[in-house]
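Undergrad: Provide a 3D model corresponding to the input given below.
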Amino acid sequence: MALPKRENLKIVDDDIGTILSQTIKDYENRAGKVLQPAHIERLLINTFAYRELLLRKQLNEAYRQQHIPYATGLMLDVAGADFGTHRLSAQPADTVLEFSVKPDEIGNLTIQIGKGTQVLAGNVAFATTESGQLTQNRPSIRLNAICTQTGTLGNGYAVGQISTLATRPHPTITVSAKNTTISQNGADMENDDSYRERIMLAFERFSNAGSKGAYAYFARSVSQEIIDVYVGNAKDRQGEPIGGTVAVHLLGKSMPISDNLIREVAKALNDEKVRPLCDTVTVNSAKVVNFTLNAELTAFTGANVDEVLANAKSAFNAYKQEVESKLGQDVVPLNIAKTLQVAGVYDVKLISPTLTAIAPDMVAICNHINIRIVGQTDG
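TA: Numbers count the residues shown, from 1 in each chain. As a prediction, this is how the structure comes out:
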């Protein structure tokens, strides 16, 4: 049974018309007179009815906040604490930094790249989380690094953009640095919707990670970058399930999932307090099925075509975001056509995509959008 919409969950009636009617009727019974709209008592009753409306709305809201599917903000944090599931704090972006020197310049020296060495992209700094050494035999090394600031600020730096050393590792020998991976996995504090889903999965964790829900819970608890998880048996080349081998596929806000995040999830799922003794766990990024939207719209005569086109694109982007936030969402042309049928659109001709079934360990991502208006009609 589907839960009611949030605004429909009430323990007291908070309709202002009902409150006002009941208050007027009660006063008339007590005073023995019929009130007219111009009576002074009506002004007082209107004020009292409004105050009672506010109180009833507060009662209803307080009731909603007692239930996980409807709680928000601090009350959701309180509900999560009851199950030992706390909101994920903001996390820094990560990348891999490569440090290098020219072999003929370093000679027989050894240059230490210490843990915490910072490399900048503008005013955003990334610090190494491990140390290393540069020598003539090993003139370049790669070290993991994280942004010194949490949140999404450090995401999206292309390879080579993080390249300015904050301090020189050696006073005379030039050491160059650059990122070899796109920086990603920085995340703001976990939002209510994501946190609520994890709390609902928290019941599964009491079985360790034996159930699908438990594996999903522990995987999503690593980072709010992970927005969906598929758990199933790994399969052999013939497509047959491999007993005792669990395949976990991750969907992130950006795809594919980085190697660093995959390693962190694998580490969490292989903890001796999490993984059943006989399970072998593999963690991978969800497979991506790309598709192109190519649609021709016919507008009604007189409609503002620029506005119609903008509304159609906005509607599809909302649909796209929804499809890309869940694994196993099929690409259904009929649903796309309905989405593009915004005000002012007479007809939708969908050239692509075609009906595409998406497996539960895959996600459909639209990588190209082409929506155009090809004509107008009176209908």
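Undergrad: can you list the domain ranges for the protein.
TA: For the chain, automatic domain parsing gives the domain ranges 6-64, 92-179, 192-285, 288-377.
Undergrad: looking at those domains, spot the one closest to Asp82.
TA: domain 192-285 (8.8 Å; Cβ to Cβ). All C-beta spots, glycine's among them, are computed from the backbone N, C-alpha and C.
Undergrad: end to end on that closest one, go ahead and measure it.
TA: This stretch, domain 192-285, spans 24 Å end to end (Cα to Cα, to the nearest Å).
Undergrad: and the average pLDDT for it is what?
TA: Averaged across domain 192-285, pLDDT comes to 80.
Undergrad: ok now it, how far from the chain's centre?
TA: Counting by Cα atoms, centre = their mean, to the nearest Å, domain 192-285 is centred 16 Å from the centre of its parent chain.
Undergrad: could you pull out the buried residues of the longest helix along the chain?
TA: In the chain, with assignment by DSSP state H, the single longest helix is helix 40-64. Across helix 40-64, burial judged by 16 or more other Cβ atoms under 10 Å covers 42, 45, 49, 52-53, 56, 60-61, 64.
Undergrad: quick revisit: among the domains of the chain, which is nearest Leu76?
TA: With Cβ to Cβ as the yardstick, what comes closest out of the domains of the chain is domain 192-285 (5.7 Å).
Undergrad: which of the helices or strands spans the residue nearest to Ile45 when sequence neighbours are not counted?
TA: Spatial nearest neighbour of Ile45, chain neighbours left out: Thr23 (5.3 Å); criterion: Cβ to Cβ, 6 or more residues apart in numbering. In this assignment (DSSP states H and E), Thr23 forms part of helix 16-31.
Undergrad: again with Asn290
TA: Under the criterion of DSSP H and E, Asn290 resides in strand 287-300.
Undergrad: strands paired with that strand, and their directions?
TA: Strand pairing for strand 287-300, using DSSP bridges, gives strand 345-352 (antiparallel), strand 362-377 (parallel).
Undergrad: where's Asp228, which helix or strand?
TA: In this assignment (DSSP H and E), Asp228 forms part of strand 226-235.
Undergrad: for that strand, packing partners?
TA: Other helices and strands packing on strand 226-235, by 3 or more Cβ pairs under 8 Å, 6 or more residues apart in numbering; DSSP states H and E, are helix 212-220, strand 241-252.
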